[in-house]
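S.K.: Here is a sequence together with a model predicted from it:
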Amino acid sequence: MKRSFSDTLMDWLRQRLPVDAITEFAEHKRVPAYVGSIWYYFGGIALFLFIVQVTTGILLIMYYQPGVQTAYESVRFTVVHVKFGWLVRSIHTWSANLMIFAVFVHMFSVFFTKAYRKPRELTWFTGLVLLALCMGFGFSGYLLPWNTLAFFATKVGTAIVATTPFVGKTVQEILRGGKDVGAETLTRFFGLHVAVMPAIFTMVLGAHLALIQIQGMHEPHGWEHAPESKKRYMPFFPNFILRDLLVWLIVLNVLAILAVMFPWEIGHKADPSAAAPMGIKPEWYFLFMYQALKFFPGKILMFDGDAVGVVLFAIGGLLWATVPFWDVRLPAGSRNRIVTYTGVGVVLMIIVLTGIGLR
């Protein structure tokens, strides 16, 4: 009997790869199925949008020419003259914003479900690094078109970095490549955006995904004491994978609608000698920090107000990152309500400050 191509291919792969072990692992891996399991999909959404970012970024870099005299013109050429260039750029920009949003939602879902607890501390840490890298992608990529808004927003962002006590001025000069935003800044941001951060992101993402596969999906609160008959699971393959792919398809449709109906504007070319336009603000994912700093007075005792704000944000970020160590599990697996209320407060603060900043 003649064998099919798929059988021949599988035999060829089995002789070279542990196909059976991978298949057995996928078939026996289970995912908790409960009302809150919808939050599991936001990690997959962020992964899908990162794939979109890489794909569209490769297409855009084929025409992009870094440099104060060429950056804006190359982006404009891509948008105006390259077939579907405007669409690729719009998809790239929208997917960047949606990816950061998805990672934020994923982080808060992990926080509120207490999925950072032992033995998943390393998964929590790698996830926070990925969030920081996503925001770094946004900050560095924002400058690359070299338009007016991006230029002055970068000046504002790097000026805030300079208020960090002791190391702020040094870090600012490293980012800018000098005293002010210019050609060196654009070159450095381009290198960070297309080479350095993607390499680091890929390594950390690989570690993050490996930890999830090794430790399995986090089970909801109370399952550790529930009888097996009360617990519901679904097979990871094909049930969860197919649902994940369906969610990816929905996200792709939303992304396509946004890119077509609301194409990202190219703006006007940056003029470093011109005055900054009114109302320059950072991107929305930095806006809550920017708006919070505006509420600090110029001087607090003998210290600069912005410096105090940056230090407080740094302390808050450190406490947030180390929550697996100070969130002590209470008897019988109870929730720590102080941690939950803290998380709710952080979410409300971000929403309110972002809303004020957008007005």
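M.R.: Thanks, I have it.
S.K.: how about the strands in the stretch 51-200 of the chain?
M.R.: In the stretch 51-200 of the chain, no strands are defined using DSSP state E, counting those that start in this stretch.
S.K.: Next: the stretch 201-350 of the chain.
M.R.: Using DSSP E, counting those that start in this stretch, strands in the stretch 201-350 of the chain cover 233-235, 299-300, 303-304.
S.K.: do you know which of these lies nearest Ala274?
M.R.: With distances scored as Cβ to Cβ, the stretch of the strands of the stretch 201-350 of the chain nearest to Ala274 is strand 303-304 (27.9 Å). For glycine as for every other residue, the C-beta is placed from the backbone atoms N, C-alpha and C.
S.K.: Convert the C-alpha atoms of stretch 68-76 to PDB, please.
M.R.: These are the backbone C-alpha positions of stretch 68-76, laid out as PDB (Å, rounded to 0.1, in the frame of the first residue of the first chain):
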ATOM      1  CA  VAL A  68      17.900  63.500   9.700                       C
ATOM      2  CA  GLN A  69      17.900  64.200   6.000                       C
ATOM      3  CA  THR A  70      16.500  60.800   4.900                       C
ATOM      4  CA  ALA A  71      14.300  59.300   7.600                       C
ATOM      5  CA  TYR A  72      11.100  61.400   7.000                       C
ATOM      6  CA  GLU A  73      11.500  61.300   3.200                       C
ATOM      7  CA  SER A  74      11.900  57.500   3.200                       C
ATOM      8  CA  VAL A  75       8.800  57.000   5.400                       C
ATOM      9  CA  ARG A  76       6.900  59.400   3.100                       C
END
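S.K.: Let's test this: mean pLDDT of that stretch, rounded?
M.R.: In this model, stretch 68-76 has a mean pLDDT of 96.
S.K.: now swap in stretch 260-267 and tell me
M.R.: On average, the pLDDT along stretch 260-267 is 93.
S.K.: Using neighbour counts, pick out the buried residues of that stretch.
M.R.: Pro263, Trp264, Ile266, Gly267 (16 or more other Cβ atoms under 10 Å).
S.K.: Likewise for stretch 341-359?
M.R.: Residues of stretch 341-359 classed as buried: Thr342, Ile350, Leu353, Thr354, Gly357 (neighbour count, 16+ other Cβ under 10 Å).
S.K.: Tell me which residues touch the second one, please.
M.R.: Contact partners of Ile350, counting by Cβ atoms under 8 Å, 6 or more residues apart in numbering, are Phe288.
S.K.: just the buried residues of stretch 341-359 now: which is nearest Phe50?
M.R.: Taking Cβ to Cβ as the measure, Phe50 lies nearest Ile350 of the buried residues of stretch 341-359, at 22.2 Å.
S.K.: how close does that closest one get to Ile100?
M.R.: 12 Å (Cβ to Cβ, to the nearest Å).
S.K.: Report all helices and strands that the lowest-mean-pLDDT helix or strand in the chain contacts.
M.R.: Ranked by mean pLDDT, DSSP states H and E, the weakest helix or strand in the chain is helix 19-28, scoring a mean of 77. Helices and strands touching helix 19-28, as assessed by 3 or more Cβ pairs under 8 Å, 6 or more residues apart in numbering; DSSP states H and E, comprise helix 5-14.
S.K.: and the angle for the helix it packs on with helix 19-28?
M.R.: Here helix 5-14 runs at 110 degrees with respect to helix 19-28, directions being taken by axes from the mean of the first three to the mean of the last three Cα atoms, to 10 degrees.
S.K.: all helices for the stretch 51-200 of the chain, in order.
M.R.: All helices of the stretch 51-200 of the chain, identified by DSSP state H, counting those that start in this stretch, fall at 71-80, 85-112, 121-143, 148-161, 168-176, 183-191, 197-215.
S.K.: Quick one: closest of these to Val52.
M.R.: That would be, of the helices of the stretch 51-200 of the chain and by Cβ to Cβ, helix 85-112, which comes in at 4.4 Å.
S.K.: and the angle for the closest one with helix 121-143?
M.R.: Using the same axes, to 10 degrees: helix 85-112 against helix 121-143 is 150 degrees.
S.K.: Which is the succeeding secondary structure element to the least confident helix or strand of the chain?
M.R.: strand 30-32 (DSSP states H and E).
S.K.: counting contacts, what elements does that next one pack onto?
M.R.: Using 3+ Cβ pairs under 8 Å, 6+ apart as the contact test, the elements touching strand 30-32 are strand 233-235.
S.K.: Listing partners with orientation, what would you give for the strand it packs on?
M.R.: If you go by DSSP bridges, strand 233-235 pairs up with strand 30-32 (antiparallel).
S.K.: Enumerate every residue touching Val167.
M.R.: Counting by Cβ under 8 Å, 6+ apart, Val167 has no contacts.
S.K.: again with Leu319
M.R.: Trp326.
S.K.: need the buried residues of stretch 260-267 in a markdown table with distance to Ile212, can you?
M.R.: As requested, the buried residues of stretch 260-267 are exported to a markdown table (distance: Cβ to Cβ, whole Å):
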| residue | distance to Ile212 |
| --- | --- |
| Pro263 | 35 |
| Trp264 | 32 |
| Ile266 | 39 |
| Gly267 | 39 |
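S.K.: So what's the residue count around Asp306?
M.R.: Here the count is done by other Cβ atoms under 10 Å, and Asp306 has 20 residues near it.
S.K.: With Thr202 as the reference, measure out to Val54.
M.R.: From Val54 over to Thr202 the distance is 9 Å, taken as Cβ to Cβ.
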